[in-house]
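Asks: Below is the structure, and that's it, no one-letter string:
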């Protein structure tokens, strides 16, 4: 196995974001992609990630592999990559290690031990949504940031005309309304949908904006939220977040 990537941020930024939710993952590497699907320890959020072979300069995989990695260790190495470095991943099966080579002004090589994880096979749930919103990541990021100063949870609501992000505490209230216009596409088969989610988790998920200028948001009333960032023909990073049940 030899995988060479010149656009290193596709991997370095993705792993940094994913490590906010999970610490140990199984990477599935086949002839078309690197893929992972994992649940956070609290079983509140799922992350799924694909880095396609077309993103690489060299992508040589003879047989499908599954390797288990500690993301803290992996992230620490990837942080050493400079934007101009070329990153190469190889498997040292004899020593059960992942070799990470960074080539720029110098050649730096790191070897991290692989884990022995016996995990249940994870699958992205087959969710059906009446609503799909595509908007600028900056717009959604700012809306979540605005709500963070008000409460620990955020209400998302939408109809065919607008997408509303709202938060309320005992003393304060905030609301951001995003119109269905040239920068935001709202497609829905329902009159109105509304659900509440944890801002703590959303703050971690919206870091996907480092990868893509646009975000796809899907949810329904008292139903999971799905947030997806994509770079065409290169990667997909997505999250599924359980709704927060109101006790009001």
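Replies: Arrived safely, thanks for sending. Just so it is clear, the structure is predicted and the values come from calculations on it, not from any experiment. Numbers count the residues shown, from 1 in each chain.
Asks: going forward, measure contacts and count neighbours with C-alpha atoms only.
Replies: Fine.
Asks: Can you give the domain ranges for this protein?
Replies: 2-113, 131-230 (automatic domain parsing).
Asks: Report how many residues lie close to residue 195.
Replies: Residue 195: 20 surrounding residues under other CA atoms under 10 Å.
Asks: did I read that right, residue 141 in a strand?
Replies: No - applying DSSP: H, G, I helix; E, B strand; the rest coil, one finds residue 141 to be helix, outside a strand.
Asks: Report the distance from stretch 44-57 to the chain centre.
Replies: Offset of stretch 44-57 from its chain centre (CA atoms, centre = their mean, to the nearest Å): 8 Å.
Asks: List the contacts of stretch 81-89.
Replies: For stretch 81-89, contacts defined as CA atoms under 8 Å, 6 or more residues apart in numbering pick out 1-9, 12, 98-104.
Asks: Please pick the buried ones from these.
Replies: The neighbour-count test (16 or more other CA atoms under 10 Å) marks 1, 3-9, 12, 98-103 as buried among these.
Asks: which SS class is residue 156?
Replies: strand.
Asks: so what's it bridging to?
Replies: In this entry, residue 156 is beta-bridged to residue 165, residue 195, by DSSP bridges.
Asks: Would you confirm that it contacts residue 175?
Replies: No - contact criterion CA atoms under 8 Å: residue 156 and residue 175 do not qualify, at 10.0 Å.
Asks: Neighbours of residue 185, how many?
Replies: The number of residues packed around residue 185, counting by other CA under 10 Å, is 19.
Asks: before we move on, what about residue 136?
Replies: Count around residue 136 with other CA under 10 Å applied: 16.
Asks: cool, residue 182 as well?
Replies: Residue 182: 7 neighbours (other CA under 10 Å).
Asks: Distance from the chain centre to stretch 195-208, please.
Replies: Distance, centroid of stretch 195-208 to centroid of chain: 11 Å (CA atoms, centre = their mean).
Asks: What mean pLDDT does it get?
Replies: Computed over stretch 195-208, the mean pLDDT rounds to 97.
Asks: Going by neighbour count, which residues in it are buried?
Replies: By neighbour count on 16+ other CA under 10 Å, the buried set for stretch 195-208 is 195, 196, 197, 198, 199, 201, 202, 205, 206, 207, 208.
Asks: starting at the chain centroid, how far to stretch 18-38?
Replies: The chain centre lies 11 Å from the centre of stretch 18-38; the measure is CA atoms, centre = their mean.
Asks: what does the average pLDDT come to for that stretch?
Replies: For stretch 18-38, the per-residue pLDDT averages 96.
Asks: Check which residues of that stretch are buried.
Replies: Neighbour count says stretch 18-38 has 18-30, 33-38 buried, by 16+ other CA under 10 Å.
Asks: Columns distance to residue 237 on top of the domains of the chain, output as TSV?
Replies: TSV is the format used below for the domains of the chain (distance: least, CA to CA, whole Å):
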stretch	distance to residue 237
domain 2-113	5
domain 131-230	5
